[in-house]
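1. Quick one, structure for this:
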Amino acid sequence: MKIKALTYFILLVLLSCTHTDNKIKILKINEIVLNNINDIPILIESNTKKNYFLYVTKNDSICLYLKDLNNGNEKTINLNVLFDTTNILPFSIYSDLFLDKIINEEIYFISNNKQITSINIINNKISQYKVIGEIKPSEIDYHIYSIRFSPFTYLNDSCFITMIGRNINQSTAEGRKLYFSYPLLGSLQIKNDYALLDNLNAPFPFIAKQSNDYYMDQQLSYCTDDNGNIVYLLNRYPYVYRFNIQSSKLDSFKITSSYIDEKEIIPFNTKYFYDVNYSSLVEKYGYEVPQYKCIKYNSYQKLFYRINSIHTPYYQKNGKKTNYRNWSISVIDKEMKLVGEIPFLKDSIFDFRLFYPSKSGFLIGYKKTKEDKRKKRQRLCEFKILF
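-> Predicted coordinates for the structure are as follows:
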């Protein structure tokens, strides 16, 4: 036990000041603990530049937690009590449904397929906005949604970005072609008592459409910057795309990783979708096949971070499942030029799904230990980037 503790301590010391390349170093500067958590938290920002971790906890009741990173204060909103007299509390609510910005003390979230709800964090007042709009094609039903790396995200105080799903059968090549011929993103403008949804014609990357199997595992990840741009990528390609909503100008940038061999990036075998071991095959694919997982924007440092998942053997030579992951962070400037890359090789400490830009650099969550699970907590570490 002492040897394991010593090994863990040595790893933390090594990571506290890691030489990444000639341009970038990282320095561990802080740790944060989130309590009463059984959700994956999101980091949100207020108009006054305050940062909060937001997460939903489901125990005896459903509660919304906000932790102020500036002073450590926590606020809890009991959603069961708040929505007791209404019919708008969704059957399944989790952090990924929430907008990544607090606007004039209002928190917005997708409360069902065609409705936005807001909660005032000062007086707990609820407002509802029915989603309306002419979404092409008009004869096909649609819904709005958000997931971890394709978030419900802020563009400006009256316009948000969301994913649009259409009820099109994708089990055939014709259906998949039709599905991706329509915009995947939409813009939501909050009005007095409704939210106006419009197609956002950010082009789906042409290169992806040339593959017969691009539909199944081409996760779209995106973020917005300070200049009205949506910056996005697909996880099997090194290209980063920047689309300006005002001018409709699209630029593309090829940003490779020093740790990824492009030849190793292959599609997920579609026959596995019908395999009884589907879940483990998906996990194995995630380990062994490199991917460009997501892109995040740091508004404080005017930098983009791209998380790269690097090839990791799923099994060791002794037949045991690998207990580490290889991954890295590509640091990209506002001109979309690569500044440097931060590798985390044979990393058994951190969970790169819990990655958040911060004022000094970035925050990343620790993998949960048995003690973390027992105490229902999530620990995070903050690193400062040194150039």
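2. Report the beta-bridge partners for Leu303.
-> Counting by DSSP bridges, Leu303 is bridged to Asn298, Asp333.
3. Could you measure from it over to Tyr108?
-> When distance is defined by CB to CB, to the nearest Å, Leu303 is 26 Å away from Tyr108. To be clear about C-beta, it is placed using only N, CA and C from the backbone, and glycine gets the same treatment.
4. So these two - more neighbours on which side?
-> Tyr108 (24 against 18; other CB atoms under 10 Å).
5. check contacts around the residue lying closest to that one once chain neighbours are set aside.
-> Excluding its sequence neighbours, the residue lying closest to Tyr108 (CB to CB, 6 or more residues apart in numbering) is Leu99, at 4.2 Å. Contacts of Leu99 were listed using CB atoms under 8 Å, 6 or more residues apart in numbering, and they are Ile44, Ile107, Tyr108, Phe109, Phe152, Thr153, Tyr154, Phe160.
6. what's the closest of the residues you listed to Asn308?
-> Within those, proximity to Asn308 (CB to CB) peaks at Thr153, which comes in at 21.1 Å.
7. ok, that closest one touching Cys223?
-> Yes: contact criterion CB atoms under 8 Å: Thr153 and Cys223 qualify, at 6.6 Å.
8. Give me the below-cutoff pLDDT ranges for this protein.
-> 1-22, 84-91, 171, 205-218 (pLDDT under 70).
9. give me that answer again for 80
-> 1-23, 59-61, 82-92, 170-177, 180, 204-218, 270-271, 273-274 (pLDDT under 80).
10. Spell out the residue ranges of the helices in it.
-> Assigned by DSSP state H, the chain shows helices spanning 2-16, 79-82, 173-179, 206-209, 214-217, 278-288, 370-375.
11. Might you calculate how far the last one sits from the centre of the chain?
-> On the basis of CA atoms, centre = their mean, to the nearest Å, helix 370-375 sits 24 Å off its chain's mean C-alpha point.
12. now what about that helix, what contacts it?
-> So helix 370-375 is contacted by Asn35, Tyr366, Gln378, Arg379 (CB under 8 Å, 6+ apart).
13. farthest-separated two in these?
-> For the contacts of helix 370-375, the maximum inter-member distance is 14.3 Å, found between Asn35 and Tyr366 (CB to CB).
14. Compare these two (neighbour count), which wins?
-> Remark: of Asn35 and Tyr366, Tyr366 carries more neighbours, 18 against 12, as counted by other CB under 10 Å.
15. Look up how far Lys334 lies from the more buried one.
-> 30 Å.
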